[in-house]
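Engineer: quick check, what structure comes out for this input:
(one chain, ligands or ions: 1)
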Amino acid sequence: MEQTREQRRAMAIRELNDHYDHKRRDPDNCIGCAHQENPPNVAGWLRVWIAAGNTIPAEHFVTEITYAQEENQAYFKAILQEVKDFGLTVERSK
Ligand SMILES: [Zn+2]
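Structural biologist: Purely as a prediction, here's the structure:
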């Protein structure tokens, strides 16, 4: 069954806040912590951030989408679809 937009957003928010392994046994491989690094240290992070409705720093957005366009067309297309489905908030450069 296809997920609704709200379900996808809720999943993305859960992934951003997932410190399960951190609390249990393996803090070095904690997805929640990796998402808080600057830039986030999680493969495919930009899709999750867009779906969650997070504001994305402009420099990290440009770096990640350039990487995707040059190295991973499937990821690039998936990012564009997330933008269509959820919109995009990019933080103004300082
Ligand atoms: Zn953590």
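
Engineer: from now on I want contacts and neighbour counts done on CA atoms only, so please keep to that.
Structural biologist: OK.

Engineer: flag every residue of the chain that's near the ion.
Structural biologist: 19, 22, 30, 32-33 (Cα under 5 Å from the ion).

Engineer: point out the least confident one among the residues you listed.
Structural biologist: Looking at the residues of the chain next to the ion by pLDDT, the weakest one is H22, with 86.

Engineer: run a quick neighbour tally on it.
Structural biologist: 15 (other Cα atoms under 10 Å).

Engineer: so what's it closest to, chain neighbours aside?
Structural biologist: C30 (5.1 Å; Cα to Cα, 6 or more residues apart in numbering).

Engineer: show the subsequent helix or strand relative to the worst-scoring helix or strand of the chain on mean pLDDT.
Structural biologist: Ranking every helix and strand in the chain by mean pLDDT, DSSP states H and E puts helix 20-24 at the bottom, with a mean of 82. The C-terminal neighbour of helix 20-24 among helices and strands, as given by DSSP states H and E, is helix 31-35.

Engineer: helices or strands up against that next one?
Structural biologist: Where contact means 3 or more Cα pairs under 8 Å, 6 or more residues apart in numbering; DSSP states H and E, helix 31-35 is packed against helix 5-16.

Engineer: the residue nearest to H22 and E64, how far apart?
Structural biologist: 21 Å (Cα to Cα, to the nearest Å).

Engineer: do the same with C33
Structural biologist: Note on C33: its distance to E64, by Cα to Cα, is 19 Å.

Engineer: report the contact partners of I13.
Structural biologist: Shown in contact with I13 (Cα atoms under 8 Å, 6 or more residues apart in numbering): 48, 51-52.

Engineer: try 6 Å this time
Structural biologist: By Cα atoms under 6 Å, 6 or more residues apart in numbering, the contact list for I13 reads A52.

Engineer: residue furthest from the geometric center of this protein?
Structural biologist: R25 (23.9 Å; Cα atoms, centre = their mean).

Engineer: now that one: how far from H19?
Structural biologist: For R25 relative to H19 (Cα to Cα), the value is 10 Å.

Engineer: okay, and the common contacts of the two?
Structural biologist: With Cα under 6 Å, 6+ apart as the test, R25 and H19 reach no residue in common.
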